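Chemist: sequence first, then the predicted structure, then my questions.
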Amino acid sequence: MPEAKQVHVAVAVVINTTAQVLISKRAEHQHQGGLWEFPGGKVEAGETLLSALDRELHEELNLHVDSAEPLLSVSHNYGDKQVLLDVWQVTRFHGEVQANEGQQWLWADITKLQSLDFPAANVPILEVVEKLLARG
Ligand SMILES: Nc1nc2c([nH]c(=O)n2[C@@H]2O[C@H](COP(=O)(O)OP(=O)(O)OP(=O)(O)O)[C@@H](O)[C@H]2O)c(=O)[nH]1
Ligand SMILES: [Mg+2]
């Protein structure tokens, strides 16, 4: 059987002025449900990564991206799904966080981050984010 098409995902790492990162919990019915994630979602046809990042962050958590820089990309095969996570650090944003999908969310410091469960594809992302948080 041919490999399933890779799903291209824009993922946002948003760090506040007190060295905490914005995370939210995936709904049980979603792929990798019940696990924590960095906000983001599928890049739509004809959309740039930055516009996907801004749209997803706004749809999910009511924030708008003012500037962002590419951090890393991760390709992962879950077996049922192949994902390409394009991870960006949001360096400037505006808005007040609001859970537009009724999801749990929080600003996590490094200790909290290390205590929570994320999808397997997030391992390299967490390494990079932990370094950014440790840097303060
Ligand atoms: N947003 C996000 N998705 C992740 C992360 N890690 C990870 O494996 N994924 C995977 O990336 C894929 C797409 O993300 P998504 O479900 O947020 O897409 P979306 O917002 O467009 O959602 P929708 O399909 O409900 O409309 C999912 O298969 C999800 O499991 C992460 O940290 N953040
Ligand atoms: Mg999403």
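Modeler: Everything's here; your move. Numbers count the residues shown, from 1 in each chain. Ligands and ions are numbered 1, 2, ... in the order given.
Chemist: close to ligand 1, is the helix or strand harbouring residue 131?
Modeler: Per DSSP states H and E, residue 131 falls inside helix 123-135. No. Judged by C-beta under 6 Å from any ligand atom, helix 123-135 makes no contact with ligand 1; its nearest approach is 6.5 Å. Heads up, the C-betas are built off the backbone N, CA and C, glycines and all.
Chemist: quick one: pLDDT of the closest residue to ligand 1 within the chain?
Modeler: Residue of the chain nearest ligand 1, by C-beta to the nearest ligand atom: residue 41 (2.3 Å). Model confidence at residue 41, given as pLDDT, is 98.
Chemist: and what of residue 1?
Modeler: As predicted, residue 1 sits at a pLDDT of 52.
Chemist: please apply the same query to the one 4 residues further on.
Modeler: The predicted local confidence for residue 5 comes out at a pLDDT of 87.
Chemist: surely it meets residue 82?
Modeler: Yes. Under the criterion of C-beta atoms under 8 Å, residue 5 makes contact with residue 82 at 7.4 Å.
Chemist: just give the closest residue to the residue positioned nearest the centre of the chain, not the sequence neighbours.
Modeler: Against the mean C-alpha coordinate of the chain, by C-alpha atoms, centre = their mean, the closest residue is residue 38 at 2.5 Å. Spatially, and ignoring its direct neighbours in sequence, residue 38 is nearest to residue 11 (5.0 Å; C-beta to C-beta, 6 or more residues apart in numbering).
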